[in-house]
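*Asks:* Pasting the sequence and the predicted model now:
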Amino acid sequence: MAVALPDFIVTKLDWVANQARAHSLWPMPFATACCGIELMATASSRYDIARFGSEAMRFSPRQCDLMIVAGRVVMKMVPVMQRIWLQMTEPKWCISMGACASSGGVFDTYAVVQGIDRFIPVDVYVPGCPPRPEQLIRAVLDLQEKIKLTGTIDAREFAKRQDFEGPAPLAKQLLPDETMVVPGNFSTATRQRFI
Amino acid sequence: MIDIEASLKSTFPDKVYAKSEFRDNQRIDVPVSDLIMVLTYLKNQLKFDMLAELCGIDYLQYPSARDRYGVNYVLSSTETNQRIIIRTKTNDPDPVVPSVVPLWEGANWLEREVFDMFGIRFEGHPDLRRILLPPEFVSYPLRKDYPLRGKGERHNFHQLTRAES
């Protein structure tokens, strides 16, 4: 039974690029805590994120286009996380996995960042402590939908988003006499001098 | 078993150090001025060759405490299997304790951690820098008057937008 295929089809380049990108997301596992274990379970055979084209975990940010931040991020880790995010090639997306990455979780102390979206842009949040692998797969599916709906071939949709999209800094919740901001000359190797 | 209290008394007859005991723990309170002398004696004569622990304490709002900071040295002897806790106290505005790195090399990082968390300076330390917190950090988080949520140190980083990343 022969299927009559057309000699050519007409479509948008954006659509083609979105299909390709959405179904081959290469995650960068930024796993800092127990959510990383669930992330590994998601990648392994029982849950098998390869069914959705996202099984190619790469530990170099240059080869990835999806950063999965799994676990709490402390203050000292923020420059590292920002540098890894900047090193990833465009277009790129970010999943904040778990309560700690999304909001600081139970760690409301001086050292732990209260949500990574205060410092880098986040596309999908996954609640849970830690989230089940199904929830992470759901997040990947949601991200695929987002890419298909908003993506463009030259990623020009990102250029319009010039305002900071995260929540307001926590410093406003402190009394003025309690606020004491670190000088922050960013002189050590893990910090960026100019961003 | 060496009677530490008796040997201290016979070696330093004009000094009186308060001694307390809790279960098996013997604790001797030594003022900062005598600290190095007593610790040197304990190490060289009574063979306390290991510094098991060194920790700082903030006694702010602690009932019946007269001094603000304490530094405790837990000494252990691998020859006699004895343990002794030496406690010393120091106060604001410039809490200073002499360093014991010349006696026990292992005190190096322990003293740096106490400096990092409490701001207690160890005079004579070869390399007194912050060990855990970033060098830009300006306050001492384990002091009791430090707020649990910090003083704004978490908010000093650049916020990346979509367009620039």
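*Replies:* All right, it came through fine.
*Asks:* mind listing the helices for chain B?
*Replies:* For chain B, the helices defined by DSSP state H occupy B:4-11, B:35-44, B:107-118.
*Asks:* looking at those helices, which is buried most?
*Replies:* Ranked by mean neighbour count, those are led by helix B:107-118 with a mean of 21 (mean count of other C-beta atoms under 10 Å in any protein chain shown). Bear in mind the C-beta positions are built from the backbone N, C-alpha and C, glycine included.
*Asks:* Now do it: everything it contacts.
*Replies:* With C-beta atoms under 8 Å, 6 or more residues apart in numbering or on different chains as the contact definition, helix B:107-118 has outside contacts at B:51, B:53-56, B:58, B:69, B:71, B:95, B:99-101, B:120-122, B:125-133, B:140-143.
*Asks:* rewinding a little: and the helices of chain B as CSV, adding mean pLDDT?
*Replies:* CSV is the format used below for the helices of chain B (pLDDT from 0 to 100):
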stretch, mean pLDDT
helix B:4-11, 86
helix B:35-44, 92
helix B:107-118, 94
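*Asks:* hang on, A:T179 packs against B:E153?
*Replies:* No - applying C-beta atoms under 8 Å as the test, A:T179 and B:E153 come out as separate, 9.8 Å apart.
*Asks:* so how far is B:P93 from the residue nearest to B:D92 when sequence neighbours are not counted?
*Replies:* In this structure, B:D92 finds its nearest non-sequential neighbour in B:R68, 5.4 Å apart by C-beta to C-beta, 6 or more residues apart in numbering or on different chains. B:R68 is 10 Å from B:P93, where distance means C-beta to C-beta, to the nearest Å.
*Asks:* more neighbours, these two?
*Replies:* Neighbour comparison, B:R68 and B:P93: the larger count goes to B:R68, with 20 against 5 (by other C-beta atoms under 10 Å in any protein chain shown).
*Asks:* just checking, that one touches B:Q61?
*Replies:* No - using C-beta under 8 Å as the test, B:R68 is too far from B:Q61 to be in contact (10.3 Å).
*Asks:* How about the contacts made by the residue in chain B positioned nearest to chain A?
*Replies:* Residue nearest to chain A within chain B: B:G150 (3.0 Å; C-beta to the nearest C-beta). Contacts for B:G150 (C-beta under 8 Å, 6+ apart) come out as A:T109, A:Y110, A:A111, B:P141.
*Asks:* For the residue of chain A found nearest chain B, which residues are in contact?
*Replies:* Residue of chain A nearest chain B, by C-beta to the nearest C-beta: A:Y110 (3.0 Å). Applying C-beta under 8 Å, 6+ apart, we find A:Y110 in contact with A:M75, B:P141, B:Y146, B:P147, B:L148, B:R149, B:G150, B:K151, B:E153, B:R154.
*Asks:* Out of these, which comes closest to A:W85?
*Replies:* In terms of C-beta to C-beta, no member of those lies closer to A:W85 than A:M75, at 16.2 Å.
*Asks:* how many other residues sit next to the closest one?
*Replies:* A:M75: 21 surrounding residues under other C-beta under 10 Å.
*Asks:* Look up phi and psi at it.
*Replies:* Per-residue torsions, A:M75: phi -50, psi -40 (degrees, to the nearest 10).
*Asks:* My guess is it contacts B:P134. True?
*Replies:* Yes - contact status for A:M75 versus B:P134: in contact at 7.2 Å, counting by C-beta under 8 Å.
*Asks:* Which of the helices of chain B sits closest to A:M97?
*Replies:* From the helices of chain B, taking C-beta to C-beta, the stretch that ends up closest is helix B:107-118, at 30.8 Å.
*Asks:* Distance from the closest one to the middle of the chain?
*Replies:* The gap between where helix B:107-118 is centred and where its chain is centred comes out at 8 Å by C-alpha atoms, centre = their mean, to the nearest Å.
*Asks:* so where do the strands sit in chain B?
*Replies:* B:18-22, B:25-29, B:50-58, B:69-76, B:83-90, B:96-98, B:121-123 (DSSP state E).
*Asks:* tell me the mean pLDDT over the fourth one?
*Replies:* Same thing as strand B:69-76. Mean pLDDT, strand B:69-76: 94.
*Asks:* and the angle from that strand to helix B:35-44?
*Replies:* Taking axes from the mean of the first three to the mean of the last three C-alpha atoms, to 10 degrees, one finds that strand B:69-76 is oriented at 10 degrees with respect to helix B:35-44.
*Asks:* do the same with the fifth one
*Replies:* Our comparison of strand B:83-90 with helix B:35-44, counting by the same axes, to 10 degrees, yields an angle of 170 degrees.
*Asks:* Strand B:83-90 - contacts with which helices or strands?
*Replies:* Where contact means 3 or more C-beta pairs under 8 Å, 6 or more residues apart in numbering or on different chains; DSSP states H and E, strand B:83-90 is packed against strand B:25-29, helix B:35-44, strand B:69-76, strand B:96-98.
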